[in-house]
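**Student:** show me the folded form of this:
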Amino acid sequence: MKYLKRMTVVVVLFFAASSFVNAQSKTAHINVQQLLSEMSEMKSAQEELKKLQSTYQADIEGSLKDLQNKYTQYANEAATKSDEENKKRAEELQVFKKNIDDAQVAAQQELQKKQQELFAPITEKAKQAIDKVAAALGYDYVLDSGPGLGVVIVAQGKDIMAEVKKELGF
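**Tutor:** This is a model prediction of the structure:
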């Protein structure tokens, strides 16, 4: 009888311990920033942004050069012009400068909008690949182990970078 009680206790403890182990979540990690930087789509998106930025920069530099030329011209002609005309020219230069400043702000906003537009599908593709690999390998959580994020303190879980790259085709 004592033996049967002990055996029952051992069996109950065994099942309790095994269910506790099964209840623990499996965790993996991946450096998402590294993954994104290695994706060919990201490289081409960054090149496209760089070209757009160069275009805006060239336009703004051209406008600044025009402003400088007008400023020089007006400064050289100021002695031969009336005070009223010089005042009108100074206001014209201020308006021109304000237009350039507004164009710089608009260009920056357009670049940010274009970046969002280009990067959103790429990050979504990476997320879907991470989700698919995590599900296939049975991971409940995948943490971003990128630098400066402060998410992963100890990375002893599986790094699924290779599997995600394989899923993405590189």
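**Student:** and Ile60, what does it touch?
**Tutor:** Counting by Cβ atoms under 8 Å, 6 or more residues apart in numbering, Ile60 makes contact with 100, 103-104, 107. All C-beta atoms are positioned from the backbone trio N, CA, C, and that covers glycine.
**Student:** okay, and for this protein, where does confidence drop off?
**Tutor:** Where the chain drops to pLDDT under 70, the residues are 1-24, 148-157.
**Student:** separation between the residue nearest to the spatial centre of it and Lys125?
**Tutor:** Among the residues of the chain, the one closest to the centroid is Phe119, at 7.1 Å (Cα atoms, centre = their mean). Distance from Phe119 to Lys125, counting by Cβ to Cβ, to the nearest Å: 11 Å.
**Student:** rewinding a little: give me the secondary structure label for the residue nearest to the centre of the chain.
**Tutor:** Using DSSP: H, G, I helix; E, B strand; the rest coil, the secondary structure recorded for Phe119 is helix.
**Student:** buried subset of the contacts of Ile60, written for PyMOL?
**Tutor:** To isolate the buried members of the contacts of Ile60 in PyMOL, using 16 or more other Cβ atoms under 10 Å:
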select buried, resi 100+104+107
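**Student:** of the contacts of Ile60, closest to Ala135?
**Tutor:** The closest of these to Ala135 turns out to be Ala107 (Cβ to Cβ; 42.2 Å).
**Student:** ok, for that closest one, nearest residue in space, not its chain neighbours?
**Tutor:** Tyr56 (3.9 Å; Cβ to Cβ, 6 or more residues apart in numbering).
**Student:** and that neighbour, that one's in a helix?
**Tutor:** Yes - secondary structure assignment places Tyr56 in a helix (three-state DSSP).
**Student:** hang on, isn't it packed against Gln112?
**Tutor:** No - Tyr56 is beyond contact range of Gln112, at 11.9 Å (criterion: Cβ atoms under 8 Å).
**Student:** what sits against the nearest residue to Leu64 once chain neighbours are set aside?
**Tutor:** Once flanking residues are discounted, Leu64 sits nearest to Ile100: 6.2 Å by Cβ to Cβ, 6+ apart. Ile100 is in contact with 60, 63-64, 67, counting by Cβ under 8 Å, 6+ apart.
**Student:** what about the residues you listed, which are in strands?
**Tutor:** The strands, defined by DSSP state E, take in nothing from the contacts of Ile100.
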